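1. any chance you can model this:
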Amino acid sequence: MDFHHIGIPAPEKRAGMRYLEPTRSWLSSIDAHPFRVEWQWFEGGSPVHELIRTVPHVAYRVDSLEEAMGDYPVLAEPFDVWGEVCVSFVEVDGAPVEFLKPYS
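-> Residues are numbered from 1 along each chain as shown. Sure, this is the predicted structure:
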């Protein structure tokens, strides 16, 4: 498990964000930020769990989403992000944690 990024809910959409239709969210590029921060802005009616929409998260690159998720409460089952990675979210000590597995 390797640190990948920190995600922070943003109060407004920022320039350069990409739209992720299934989650009705806009995400900034992690690679464009010197500290690997991903800014997230959610449209009204986003199906994303409230904890993910309102609380910053830490994300880890993993070899197996299922193993990393373990027995933690699931906030988001594994889903595709732009055909680049598959991600899932769990709750750990009241905060969201993201696991991601690149496709290549």
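
2. could you pull out the strands for the protein?
-> Using DSSP state E, the strands of the chain run over 2-9, 18-20, 25-27, 37-42, 57-61, 74-81, 85-92, 95-102.

3. pairing partners for the third one, with directions?
-> Each strand that strand 25-27 pairs with, and the sense of that pairing, follows from DSSP bridges: strand 18-20 (antiparallel), strand 37-42 (antiparallel).

4. send the alpha carbons of stretch 75-93 over as CSV?
-> Listed next in CSV are the C-alpha coordinates belonging to stretch 75-93 (Å, rounded to 0.1, in the frame of the first residue of the first chain):
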residue,chain,number,x,y,z
LEU,A,75,-18.7,4.0,1.5
ALA,A,76,-18.3,3.2,-2.3
GLU,A,77,-18.0,-0.1,-4.0
PRO,A,78,-15.2,-0.3,-6.6
PHE,A,79,-15.9,1.9,-9.7
ASP,A,80,-14.1,3.1,-12.8
VAL,A,81,-12.5,6.5,-13.0
TRP,A,82,-12.0,7.5,-16.7
GLY,A,83,-10.7,4.1,-17.6
GLU,A,84,-7.5,4.9,-15.7
VAL,A,85,-8.0,3.4,-12.3
CYS,A,86,-10.6,1.5,-10.3
VAL,A,87,-11.3,3.0,-6.8
SER,A,88,-13.2,2.2,-3.7
PHE,A,89,-13.9,4.1,-0.4
VAL,A,90,-14.2,2.8,3.1
GLU,A,91,-14.7,4.4,6.5
VAL,A,92,-11.8,4.3,9.0
ASP,A,93,-12.3,6.0,12.4
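
5. buried set for it?
-> Residues 75-76, 85, 87-91 are the ones in stretch 75-93 that count as buried (16 or more other Cβ atoms under 10 Å). For glycine as for every other residue, the C-beta is placed from the backbone atoms N, C-alpha and C.

6. any idea of the mean pLDDT for stretch 42-56?
-> Confidence for stretch 42-56, expressed as mean pLDDT, is 97.

7. out of the strands of the chain, flag the one nearest Ala68.
-> For Ala68, the closest of the strands of the chain is strand 95-102, at 4.3 Å, according to Cβ to Cβ.
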